[in-house]
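Asker: pasting the sequence and the predicted coordinates here, then a few questions.
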Amino acid sequence: MDFSGASLNKFISGLDEVPAHVADLIEQKIDYMDAAFRNWDQAKRKMLKKVHVGSLFQVVDHAIEQGWTEERFGEWVESFLIDHIPWIVRMANSVRRVQQASSLYLKGLIT
């Protein structure tokens with residue numbers, strides 16, 4: 001599935017049942033995100049996964065309400081993906097290891 005701005009715009013324009021104001025709002029968000037990531041190099045673009053699009057799509061509202069430029073939003077996303085996602089993954093892995101060890105302990109497999 002392609003989440004590029006052009007592809008999403010094409011998809012939205014093909015939806016007849018979506019009210020015009022909703023389609024306009026979605027297109028505004030797509031354009032905003034497209035502008036935020038337009039100048040990213042290939043390495044940065046690799047950090048941005050399709051799984052992030054839905055969450056970022058929701059965060060765009062807050063950024064627009066706060067008066068953030070597209071560039072500022074792009075900087076925030078970059079910071080989040082570089083500084084926070086790896087930390088969250090490390091923490092989740094640590095929690096998972098503790099849960100596994102606890103389970104083995106409770107089963108009497110380790111002492």
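Answerer: On my side now, so go ahead. Numbering: from 1, shown residues only.

Asker: now the helices for this structure?
Answerer: 5-13, 20-37, 42-47, 50-65, 70-79, 85-106 (DSSP state H).

Asker: and these as CSV, adding mean neighbour count and mean pLDDT?
Answerer: No exception for glycine: its C-beta is placed from N, CA and C like everyone else's. As requested, the helices of the chain are exported to CSV (neighbours: other CB atoms under 10 Å; pLDDT from 0 to 100):
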stretch, mean neighbour count, mean pLDDT
helix 5-13, 14, 75
helix 20-37, 16, 88
helix 42-47, 10, 82
helix 50-65, 13, 85
helix 70-79, 16, 89
helix 85-106, 10, 64
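
Asker: what are the phi and psi values for Asp41?
Answerer: phi -80, psi 180 (degrees, to the nearest 10).

Asker: same check on Lys49?
Answerer: Torsion angles, degrees, to the nearest 10, at Lys49: phi -100, psi 160.

Asker: quick check: nearest residue in space to Phe37, chain neighbours excluded?
Answerer: Gly74 (5.8 Å; CB to CB, 6 or more residues apart in numbering).

Asker: kindly apply the preceding question to Leu81 instead.
Answerer: Counting by CB to CB, 6+ apart, the residue nearest Leu81 is Met47, at 4.5 Å.

Asker: verify the stated contact: that neighbour with Gly74.
Answerer: No: if you go by CB atoms under 8 Å, Met47 and Gly74 don't touch, sitting 11.6 Å apart.

Asker: the residue minimising distance to the centre of the chain and Ser79, how far apart?
Answerer: Central residue of the chain (CA atoms, centre = their mean): His52, 2.4 Å from the mean position. Going from His52 to Ser79 by CB to CB, to the nearest Å gives 13 Å.

Asker: do Tyr32 as well
Answerer: The value you get for Tyr32 to Ser79, if CB to CB is used, is 17 Å.

Asker: next one: His21
Answerer: Look at His21 and Ser79: by CB to CB, they are 32 Å apart.

Asker: ok, Asp31 next?
Answerer: In terms of CB to CB, Asp31 sits 22 Å off from Ser79.
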